[in-house]
Structure formats: C-alpha cells, structure tokens
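Visitor: what would the 3D arrangement of this be:
(one chain, ligands or ions: 1)
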Amino acid sequence: MLISHELISLSLDNAIESLNSSPMESSLDFPGEMPLESDLLDLPPLPTNCTDVNVVPEHEKNNFELSISNLEGELAQLRQKEKSLNKKRKEALNKILDIKGCIRVFCRVRPFLLTERRRTPEAVSIRLEKVTVRSVGNKKEFGFDKVFHQAATQEDVFVEVEPILRSAVDGYNVCILAYGQTGTGKTFTMDGTNDQPGIIPRALEELYHQASSDSSSSISFSMSLLEVYMGNLRDLLAPKAKRCNLNIQTDPKGLVEIEGLTEVKIPDLAKAKWWYTKGRRARSTAWTNVNETSSRSHCLTRINISRHGDKMKVKAPVSKLWMVDLGGSERLLKTGATGQTLDEGRAINLSLSALGDVIAALRRKRGHVPYRNSKLTQILKDSLGDSSKVLMLVHVSPREDDVGETICSLSFANRARAIEINGELPEEIIKLRQKRILELEEDMREAEEECQNVRNQIQKAEFLLSENKKLLLTNYPFTEDKEKTPVSDKEDGRTVNRTPLITENGNRNSLPRFMTSTVASRQRQNAAEKEIVRKAGSLRPGTKSSVQFSGFHSLSFSDIRLKSILRDSNRKSGYGETKTILKENLKCNSSDLKIPFLPRSKMVTASDPNLRTTLSRHRRRMSDLN
Ligand SMILES: Nc1ncnc2c1ncn2[C@@H]1O[C@H](COP(=O)(O)OP(=O)(O)OP(=O)(O)O)[C@@H](O)[C@H]1O
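Guide: As a prediction, the model looks like this:
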C-alpha cells in the first residue's frame, strides 16, 4: 500500500505535468482513465527517467502538523462564531415574537364548497387584518394578528407559521391550535390533502431542514400522537388494546408527562410521515349534518425536539412542539347530534371553553390559571405558559347560515387576544411596533446570512483538515506513535531525521544491526533529501509540492475528487483551465487557490547521484512491506 501511495503522492504540479505530457515525455502517463492502485503495483520496474516523489522530507511533516493544528484552531474559532451568530438570531426572533405577542391569533375563512350557494353581499368580508360579519342589518368587526382570505393557499398559511417553528427548534415549547366550528377547515389546515399538504406535514419537513442546517449541535426528534376523546386520553400510536386511559403527570418543576404514551424516534422525514399517517388513521371521526368525516375528538401531535450540544454526556434539553387539531365547536342542535355523537359534542365544547379560560387568564396575566378544568389544558399546561409560544388559527365559514357560529368563534378568538380588556392599540403604537419588528427582522436576516457564510467556511476547513490528516498518515504512517519513534532527535550534536523501519510482525528498529542505518548513512540520506528540496525550490521560488490553499492547506493527489478534476483538466488545455476546474469543484475563491506552475523540465531523475541513497532506502522500505 505504502508503495502505491508514495507513487501517486505526486505533487499536484507534477501530476498535472504528467497528465498533460505525451507518452514520450513521461513514464507515468494516465491517458483518460487513471490507473488503479493495483495497476500501479503491476507496473514494470521504474525506468531511470522517472519522477521520484517518494521522499517527503521530515521538515514537511512539521508543516503538515502545523497546518493541522492551525486548521483545528481555525475550526474552533469558526464554531464559536457560528454559536454566537445563532444566539444573536435567536434573540432577535424571540424579541419579534414577544412584540407580536406570545399568544397570536390568526383567522382563516374557508372558501365556499361546490355544494354551497354563494350570496351577495357576502356575510363575511375581510379588510386588512379585520373580519367583518354581517347579519340582518347588524355588522360586527374583529381584529386579528393575521387574516387569511378564502383564496389563501396552504403555502400562504405556512409562511406565517414558520417563525414559531424556528422557536421550537431554538428550545421553546410551542403550541399551534386549530379552532373553529365543525366543517370550517381545521383538519384541512393542519393535515391537508396529498396535493395540498397542511401545517403538520410541512412542519415536519421544515424541522429536518432546520436541524440539518444547524451544525453547532445535533438535533433529534421523536413523535407522539394522542386524542382527547370524551375526556379520556387515547394513544394513537399504540396497538389498539393499549390505547386508552393514560394518566397525566406533572413534576415539581411544572413539566407535564403522559404516563405510558408511545414516543417513537423519527430519524428522518420518511419515518416521521409514516408514523403520522398511521396515527391519524386511528383518530375517531363520525358523520354529522355539517361534516361527513367530522372529528369527534381533539387530536394532538407532539414532536419532542432534543438538542445535543458538544457535551454528549449532558442530558439533552427537550422542547415540545404541539400541533393540535381541535374538535369542532358547534351548537349541538344544529349538527343533528344524538346519543353518543351528542355526548362527544358536549365533551368537546366543555374542553374548548376550558381552553378559552386558560388562554384568557394567561393573556390577562392572572395569578391563577385554571389548567385543571380539562384534560386538554392539563396536557398543554407547560406549553401554554409564559415561556411558550402559542398560535391559534381560528377557522370560520363564509356562509350566511353559519353567521351565528362565526360570531361565536370570532368572539372566542378575541377573548384569547384579550381585546375586550385593552381594546385595539392606538395607531401610533402599532406603527412603532412595526418599525421595531422590521429592524429586528433585518438583524435576524443579517445574522442568518453571516451564519451561513461561517458554515460554508467550516465545511471548507473540515475538508482541508481531513485532507491534511489523510496526507500526513499516507506519508508518515506511524505519526500517532510519536513516543516510540521520535521524528527527529539529536545525534552527534546534529539534528537527524529518522524514517521508521518496520518488520513483518510490525516491530520497528528490530532489524539485524547490519541492516539498520548508520550515523554516516543517515547523514548522507539527510543530505540527499535536503538536496532534492533545494533543487525543487530553485526551480521556482515559493513553489510547494501540493495544491496550496491559503496558508498551509494542501490537497492530496490521492484524493478521488482531485483525481477526477485532474483527469478532466487533462482533457482540457492546461494550467488556466485546471485552476478553474479546481475552483469550481472545491468551491473556493481564486485567491485561496494557488496552484504552483512548474515548467515541464522539472524532473528529478534516479541517475542523480544524490538520489541513489534515497531510492535504495525507498526500495528497502517497499520490500519491508511486501
Ligand atoms: N381552505 C380550504 N380550501 C379548500 N377546501 C377546504 C378548505 N377548508 C376546508 N375545506 C374543505 O371543507 C371540508 C371540511 O373541512 P374539514 O374537515 O377540514 O373541517 P373541520 O373543521 O376539520 O371539521 P370537523 O371539526 O368536523 O372535523 C373538507 O371537504 C375540506 O376539504
């Protein structure tokens, strides 16, 4: 192995030279396809006019080591910078959400269905972020943080939801609730269809996207799905027999856990979607006068987000993302419900009113928050409080027949926004807030852009570091074993570089004494190495034997990518194009990439007397290994 590596450890300039030269000019010519290492082993004995590159002087090893430690230092600094930029972005986002309010309420108006008759003037109209409802000469107006008109797409809705998801990945507990009369589109918004996926499938995708772009920590997800049906908890991911009667536990710190709830690891998006679809199928639905597949329960999807920092031993902090498709609020007579369906409707209404009370108490910053009044609010206790972010999407129907229900839903939403206490804010304060939000958004965007730049630099540095390590190991296979084989030591008052020797059983320096080098032979060897370096250096000042990135960064010729780059460059004309190809493939600036350009005449031949010692040493090492 060492032989072939040494053979192909040509410097980039020599490599390009070989690739571009004609068969007459070079004995190591690679027309089109590069030879395999095994091919190289089968090559006939080296002719005298051969580029000998087996000697890597010891002082270059120090350069490698210095380069590696420089890169490691650079990487540590870059990672620190990424962390602080991330923190800056988080803070800006958090401030934005605080200004906008920790409990935000959006309204979505469902379009008319094909079976519904459209009347003018329409009962529900929208102007900016206000919804106006008209009925028999009366007109009521409701304000929201955001209103989605009938033509709004799933994408439009998701764009507004995305920042809150970011908060979940940043470590906050987040709760997204879909509220509204039955048949107004809650399930459509949360779940969607195959063609028009809703918030949950999009959020899953987004979470993996955010996790993959955060290199400062590793983020993992797990999923649970449950429904609150008639005041009971049902585990939608458990086998049917084990689904019911789960208990809610709250620890002294106020963290909520549901005893026995199935929690599945979702290492990738495909797994996440698979589990989600499985759970959704188990949900209770029934036919009502209003909706053919009316949800008869509250369906809760929980994603636990664990963030592992540098120290994997420390227990990873976990944040919860709840996405809740609430049961339909309805006036029970209208739905034509009887028997069990009537009971289901009552249970839904009771828990919705408990939810309304909790949100209103939180908005008013009351000392007592009535979480205990329903199972739904008990479950969501640690995700509705002060340090959490809540988003409620209220759904309404555009139909005149539904005006009564629409007004009920919008009043519920207004209560959650605490509008009746504060009234709408004065125009001036709204403008000031908007200005501040714009500034913070700009800060966030800048931090994000800078962070992305730093991530690119990290990637590049990581690549260079691994290349340098590979190269070091290739040329100095015993590098880790520093104590047993000192790289250099003093002998007779002079510095002597030692190349480690190896026997079949792997012991070094255990050769018979007559085979080991003497002080004199080592000095000759040393002198020969120095001579090679001197000759190479004299050909072009500053030329180094590898692709030079800024500073000491170098790239091994044995790297597959470089091989293919060189092969391409061989088909093209030469130096200029090679440089372009390298730049494109390695995605670095031209200033970072300095390819030494050497004249073709730069050949070190085996006939050089100074090289004889070195070559014989090389052959001995080859035979040691064979
Ligand atoms: N924005 C929309 N665009 C197109 N179709 C919609 C939209 N919103 C709702 N619908 C359609 O309206 C019907 C009822 O919607 P959906 O089942 O989502 O209501 P729901 O509020 O979840 O009802 P329930 O509370 O009874 O479960 C469905 O056929 C759905 O496809």
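Visitor: run through the stretch 151-300 of the chain and note the low-pLDDT ranges.
Guide: Where the stretch 151-300 of the chain drops to pLDDT under 70, the residues are 215-216, 241, 243, 284-295.
Visitor: in it, which residue sits closest to the ligand?
Guide: With Cβ to the nearest ligand atom as the measure, Gly185 is the residue of the stretch 151-300 of the chain nearest to the ligand, at 2.6 Å. In this view, the C-beta of every residue, glycine as well, is placed from N, C-alpha and C.
Visitor: now for the host helix or strand of Glu442, which elements pack on it?
Guide: Take DSSP states H and E as the rule and Glu442 turns out to sit in helix 427-475. Secondary-structure packing of helix 427-475 (3 or more Cβ pairs under 8 Å, 6 or more residues apart in numbering; DSSP states H and E): helix 2-8, helix 58-100, strand 554-555.
Visitor: got the domain ranges for the chain?
Guide: For the chain, the structural domains run 61-101+421-474, 103-418, going by the TED database.
Visitor: which one of those domains is the most hemmed in?
Guide: Ranked by mean neighbour count, the domains of the chain are led by domain 103-418 with a mean of 18 (mean count of other Cβ atoms under 10 Å).
Visitor: for the ligand, what's its nearest residue on the stretch 401-550 of the chain.
Guide: As assessed by Cβ to the nearest ligand atom, the ligand sits closest to Ser409 within the stretch 401-550 of the chain, at 10.5 Å.
Visitor: you'd agree that residue is up against Gln181?
Guide: Yes - when contacts are counted by Cβ atoms under 8 Å, Ser409 is listed as touching Gln181 (5.7 Å).
Visitor: hey, what's in contact with both of the two?
Guide: Ser329, His395, Val396 (Cβ atoms under 8 Å, 6 or more residues apart in numbering).
Visitor: list the contacts of the first one.
Guide: Going by Cβ under 8 Å, 6+ apart, Ser329 touches Tyr179, Gly180, Gln181, Thr182, Ile348, Asn349, Leu352, Glu405, Cys408, Ser409, Phe412.
Visitor: which of those residues fall in strands?
Guide: Cross-referencing those against strands under DSSP state E gives Tyr179, Gly180.
Visitor: residues making contact with stretch 317-326?
Guide: Against stretch 317-326 from outside (Cβ under 8 Å, 6+ apart): 165, 168-180, 186-187, 190-191, 199-200, 203, 207, 295, 298-307, 348, 352, 355, 380, 382-383.
Visitor: quick one: terminal-to-terminal distance for stretch 124-139?
Guide: Stretch 124-139 has an end-to-end distance of 10 Å (criterion: Cα to Cα, to the nearest Å).
Visitor: what do you get for stretch 393-400?
Guide: End to end - Cα to Cα - stretch 393-400 spans 21 Å.
Visitor: try stretch 95-114
Guide: End-to-end for stretch 95-114, by Cα to Cα: 43 Å.
Visitor: how about it, does it reach the ligand?
Guide: Yes - Stretch 95-114 reaches the ligand (Cβ under 6 Å from any ligand atom) through Arg110, Pro111, Leu113.
Visitor: can I get those in a markdown table with pLDDT and secondary structure?
Guide: Below are the residues of stretch 95-114 next to the ligand laid out as a markdown table (pLDDT from 0 to 100; DSSP: H, G, I helix; E, B strand; the rest coil):
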| residue | pLDDT | secondary structure |
| --- | --- | --- |
| Arg110 | 93 | coil |
| Pro111 | 92 | coil |
| Leu113 | 88 | coil |
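Visitor: show me the shaky parts of the stretch 401-550 of the chain.
Guide: Scanning the stretch 401-550 of the chain with the threshold set as pLDDT under 70 gives 418-426, 477-550.
Visitor: sorry, back to before: return the subset of the contacts of stretch 317-326 lying in strands.
Guide: 174-180, 295, 298-307.
Visitor: about what we covered before: Asp195 is nearest to which of the helices and strands packed on helix 427-475?
Guide: Nearest to Asp195, of all those, is helix 58-100, at 31.0 Å by Cβ to Cβ.
Visitor: show me what that closest one is packed up against.
Guide: By 3+ Cβ pairs under 8 Å, 6+ apart, helix 58-100 packs against helix 154-170, helix 427-475.
Visitor: list the contacts of the shortest one.
Guide: With contact meaning Cβ under 8 Å, 6+ apart, helix 154-170 is reached by 90, 93-94, 96-97, 104, 106, 108, 146, 148, 174, 176, 189, 192, 196-199, 202-203, 206-207, 210-211, 214, 219, 303, 305, 319-321, 389, 391, 393.
Visitor: re earlier: quick one, what contacts the residue of the stretch 401-550 of the chain closest to the ligand?
Guide: Residues near Ser409 by Cβ under 8 Å, 6+ apart: Tyr179, Gly180, Gln181, Thr184, Ser329, Val394, His395, Val396.
Visitor: run through the helices of the stretch 201-350 of the chain in chain order.
Guide: In the stretch 201-350 of the chain, the helices defined using DSSP state H, counting those that start in this stretch lie at 269-281, 339-363.
Visitor: now these as a markdown table including distance to the ligand?
Guide: Shown next, in a markdown table, are the helices of the stretch 201-350 of the chain (distance: least, Cβ to the nearest ligand atom, whole Å):
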| stretch | distance to the ligand |
| --- | --- |
| helix 269-281 | 12 |
| helix 339-363 | 9 |
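Visitor: determine which of these approaches Leu432 most closely.
Guide: Shortest distance between Leu432 and the helices of the stretch 201-350 of the chain, using Cβ to Cβ, is found for helix 339-363: 21.1 Å.
Visitor: so what secondary structure elements neighbour the closest one?
Guide: Contact analysis of helix 339-363 by 3+ Cβ pairs under 8 Å, 6+ apart lists strand 103-109, strand 218-229, helix 375-379, helix 381-384, helix 403-416 as its packing neighbours.
Visitor: hmm, try it at 6 Å
Guide: Judged by 3 or more Cβ pairs under 6 Å, 6 or more residues apart in numbering; DSSP states H and E, the packing partners of helix 339-363 are helix 375-379, helix 403-416.
Visitor: nearest to Lys460, out of these?
Guide: helix 375-379 (46.2 Å).
Visitor: ok, Cys451 to Lys88 distance?
Guide: As judged by Cβ to Cβ, to the nearest Å, Cys451 and Lys88 stand 9 Å apart.
Visitor: same check on Asp145?
Guide: Taken as Cβ to Cβ, the span from Asp145 to Lys88 is 25 Å.
Visitor: likewise for Phe412?
Guide: From Phe412 to Lys88 the distance is 38 Å (Cβ to Cβ).
Visitor: what's the answer for Ile176, then?
Guide: As judged by Cβ to Cβ, Ile176 and Lys88 stand 26 Å apart.
Visitor: residue contacts, Gln196?
Guide: Gln154 (Cβ atoms under 6 Å, 6 or more residues apart in numbering).
Visitor: ramachandran coordinates for it?
Guide: phi -130, psi 80 (degrees, to the nearest 10).
Visitor: got the contact list for the closest residue to Gln457 other than its chain neighbours?
Guide: What sits nearest to Gln457 in space, not counting adjacent residues and going by Cβ to Cβ, 6 or more residues apart in numbering, is Leu78, at 5.5 Å. The contact partners of Leu78, taken as Cβ under 6 Å, 6+ apart, are Val454, Gln457, Ile458.
Visitor: run the last query once more with 10 Å
Guide: By Cβ atoms under 10 Å, 6 or more residues apart in numbering, Leu78 lies in contact with Ser215, Asn453, Val454, Arg455, Asn456, Gln457, Ile458, Gln459, Lys460, Ala461, Glu462.
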